[in-house]
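A.B. asks: Quick one: sequence plus predicted model below, questions after.
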Amino acid sequence: MAKKPTKAPAPPEPPNRWRIVMTGVVLGALWGVIMWGINAAIHNSSSGVVFLYLVLTMAMIGGGVAAFFGVAGIRRGGESVGPRFRRRSK
C-alpha cells in the first residue's frame, strides 16, 4: 500500500471584515426592533420615529461592536490593521 503524501495544512482564510460588521449591524437592528416592541407594549404607543430611532441606533452600536471585536481577532492573527504612513526602506 502506498503512503499518502503529507501536505502542510493550508493557512486559514482571513475573516471577511464586511461580513463581520454587517452581521453586527443586522443583529443590532433586530435588537432595536425587540426594544421598540417592548417600548410600544409598556407605553402603549408605536411611533414610527421611535421605531427608526431605536433600530438605527442599535444597528450602529452593533456594527461598531462587531468592528471592534473583528479587529481584535484580526490583530491576534498577526495582521496589521492600522494605516501605514511611512514606507519601509528596502
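C.D. replies: Yep, it's here. Just so it is clear, the model here is predicted, and its values are computed rather than measured. Numbering: from 1, shown residues only.

A.B. asks: Which strands and helices lie in contact with the longest helix seen in the chain?
C.D. replies: With secondary structure taken from DSSP state H, the chain has its longest helix at helix 48-76. In this structure, helix 48-76 packs against helix 17-43, with contacts taken as 3 or more Cβ pairs under 8 Å, 6 or more residues apart in numbering; DSSP states H and E. Using the backbone N, CA and C atoms, a C-beta is placed for each residue, glycine as well.

A.B. asks: Please name the residues that touch Tyr53.
C.D. replies: Tyr53 is in contact with no residue at all, counting by Cβ atoms under 8 Å, 6 or more residues apart in numbering.

A.B. asks: What of Met60?
C.D. replies: Contacts here follow Cβ under 8 Å, 6+ apart; on that basis Met60 touches Val25, Gly28.

A.B. asks: Could you do the one 4 residues further on as well?
C.D. replies: With contact taken as Cβ under 8 Å, 6+ apart, Gly64 is in contact with Gly24.

A.B. asks: can you pull the pLDDT of it?
C.D. replies: At Gly64, the pLDDT value in this model is 88.

A.B. asks: Also Ile34?
C.D. replies: Among the per-residue scores, Ile34 shows a pLDDT of 90.

A.B. asks: do Ser45 as well
C.D. replies: Model confidence at Ser45 (pLDDT) stands at 76.

A.B. asks: For it, give its distance to Ala29.
C.D. replies: 21 Å (Cβ to Cβ, to the nearest Å).

A.B. asks: Then Lys4?
C.D. replies: 48 Å.
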